[in-house]
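> just coords:
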């Protein structure tokens, strides 16, 4: 690379956390020669999380709530403590405002289904944006089709930034809910959530935030953001797959009907009628992902034990270095140039399809993602087939960025 950057050694001196120790916490990262830059899809798991799963299954595996034995008491305590850890992490007012789900997708579907049943009707409007992940588009399409409401989308500008003038113009007294990503999974754009929420609330619209890409990189304070719902997945925050949360304001969750029915979510069942449990259990039918929740809480404690400011600086440094290095390669174009971005860089190489570049990088030991990133409307708006996406996390090194640049330079020579 000839980007005029300081050496790797001098760059690493700016970090205030021990990179070798952090990398040693992640067995796959430590034990692999692959440069893993697909963190926006899923993050690797630290040993402490793997150990928490193993310990649960080996020493106190039991179902939670209502049992009359000590194993269940221990499992319940760990399960509910994890909920409290997540509630504290996002500054929820009450732990019972945190609902366990399978992930961001299920969280959004829960709101779309239950909110539609209780609040949407013909003539109402749901407002999303062109940059949304499919999981924050399709559930609202279904909800609108079922209720007669209309779905509208805020434009995305060529640089990957939401057109806030268009957002303000689309808002009306018919808008019932605004569903927007905190951070674009495809471009890394960080959206001004407090401003968006304030505008939406001025029209009495509720706000759901897809926080899947934000939770690992930003401090989430749902009270400061002012949002009504916030969703994210554990597997993007160093926790297991198949677990996530939905935060919802108590008053809204109380008013919404349950989505799924079965054990755990009931208070009393008679053949004539059923009464439901209070929050959060009204939305947690069936046996939950107990191990996943415990692992999620453990992952959050792990991250909270690190120097967050140093991690933020390190991720920003990697993003800046990758952006500068890629821009210096002839025929490479960065897609998404917002001034406020998460550690994601998407790009195209002239004369080649993104998946071909992704394959060439994989052959050189660099793992990235290529395609439309479950954001086909965004790609259509930008008039491109997709992108190559490199995404960074706390265990990546600046030398990983150097490898990315080197392999893209080599791939460029093949096309």
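Now that the structure is in, tell me what you want to look at. Being a predicted model, the structure only gives us computed values, none of them experimental. Numbering: from 1, shown residues only.

> which SS class is the nearest residue to residue 211 once chain neighbours are set aside?
Counting by CB to CB, 6 or more residues apart in numbering, residue 232 is the residue found nearest to residue 211 once chain neighbours are left out, at 4.0 Å. Quick note: C-beta positions are derived from backbone N, CA and C, even for glycine. Secondary structure state of residue 232, per DSSP: H, G, I helix; E, B strand; the rest coil, is strand.

> again with the one 10 residues further on
For residue 242, the reduced secondary structure class is coil; criterion used: three-state DSSP.

> what's it in contact with, if anything?
For residue 242, the contacting residues are 102, 103, 234, 235, 289, 292, by CB atoms under 8 Å, 6 or more residues apart in numbering.

> Any figure for the gap between it and residue 101?
Counting by CB to CB, to the nearest Å, the gap from residue 242 to residue 101 is 10 Å.

> same check, this time on residue 197
When CB to CB is applied, the distance between residue 197 and residue 101 equals 22 Å.

> ok now do residue 137, which residues does it touch?
By CB under 8 Å, 6+ apart, the contact set of residue 137 is 128, 377.

> got it, and the one 4 residues further on?
Contacts were defined as CB under 8 Å, 6+ apart; by that measure residue 141 touches residue 151.

> Backbone dihedrals for residue 136, both of them.
In this entry, residue 136 is assigned phi and psi values of phi -110, psi 20 (degrees, to the nearest 10).

> From residue 218, how far off is it?
Distance, residue 136 to residue 218, by CB to CB: 17 Å.

> rewinding a little: please say which of residue 197 and residue 101 ends up with more neighbours.
When residue 197 is set against residue 101 and neighbours are counted by other CB atoms under 10 Å, the residue ahead is residue 101, at 26 against 21.

> on that earlier part again, would JSON lines of the contacts of residue 242 with pLDDT, neighbour count and secondary structure be doable?
Supplementary listing: the contacts of residue 242 in JSON lines, determined by pLDDT from 0 to 100; neighbours: other CB atoms under 10 Å; DSSP: H, G, I helix; E, B strand; the rest coil:
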{"residue": "102", "pLDDT": "98", "neighbour count": "18", "secondary structure": "coil"}
{"residue": "103", "pLDDT": "98", "neighbour count": "23", "secondary structure": "coil"}
{"residue": "234", "pLDDT": "98", "neighbour count": "33", "secondary structure": "coil"}
{"residue": "235", "pLDDT": "98", "neighbour count": "24", "secondary structure": "coil"}
{"residue": "289", "pLDDT": "98", "neighbour count": "20", "secondary structure": "coil"}
{"residue": "292", "pLDDT": "98", "neighbour count": "24", "secondary structure": "helix"}
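
> what's the closest of those to residue 358?
Distance from residue 358 was checked for each of these by CB to CB. The minimum falls on residue 235, at 20.6 Å.

> got any ranges where the stretch 301-415 of the chain has weak pLDDT?
Nowhere does the stretch 301-415 of the chain drop to pLDDT under 70.

> now the strands for it?
Applying DSSP state E, counting those that start in this stretch to the stretch 301-415 of the chain gives strands spanning 332-335, 344-349, 366-367, 369-371, 387-391.

> who wins for proximity to residue 39 among those?
In terms of CB to CB, the element of the strands of the stretch 301-415 of the chain nearest to residue 39 is strand 387-391, at 4.5 Å.

> winner for burial among the strands of the stretch 301-415 of the chain?
Among the strands of the stretch 301-415 of the chain, the stretch with the highest mean neighbour count (mean count of other CB atoms under 10 Å) is strand 387-391, at a mean of 29.

> Look up phi and psi at residue 35.
Geometry field for residue 35 lists phi and psi as phi -90, psi 110, criterion degrees, to the nearest 10.

> and the gap between it and residue 365?
For residue 35, the distance to residue 365 under the criterion CB to CB works out to 6 Å.

> before we move on, what about residue 71?
According to CB to CB, residue 71 and residue 365 sit 45 Å apart.

> For the residue sitting nearest the centre point of the chain, identify the helix or strand it belongs to.
Centroid-nearest residue in the chain: residue 212, 1.0 Å away (criterion: CA atoms, centre = their mean). In this structure, residue 212 is located outside every helix and strand according to DSSP states H and E.

> So which residues of the stretch 51-200 of the chain form helices?
If DSSP state H, counting those that start in this stretch is used as the criterion, the helices of the stretch 51-200 of the chain fall at 70-90, 104-119, 138-147, 164-170, 193-202.

> list the buried ones in the shortest one?
With burial defined by 16 or more other CB atoms under 10 Å, the residues of helix 164-170 counted as buried are 164, 166, 167, 170.

> Surely the last one is in contact with residue 154?
So the one you mean is residue 170. Yes - because the distance of 6.2 Å satisfies CB atoms under 8 Å, residue 170 is recorded as touching residue 154.

> overlap in contacts of those two?
residue 127.

> Pick out the least confidently modelled helix or strand of this structure, by mean pLDDT.
Among the helices and strands of the chain, helix 8-12 carries the lowest confidence by mean pLDDT, DSSP states H and E, at a mean of 37.

> Please tell me how far the helix or strand following that one is from the chain's geometric centre.
The element immediately downstream of helix 8-12 (helix or strand, assigned by DSSP H and E) is helix 19-24. In this view, helix 19-24 has its centroid 24 Å away from the chain centroid, taken as CA atoms, centre = their mean, to the nearest Å.

> Just the mean pLDDT for helix 19-24, thanks.
The pLDDT scores in helix 19-24 average 93.
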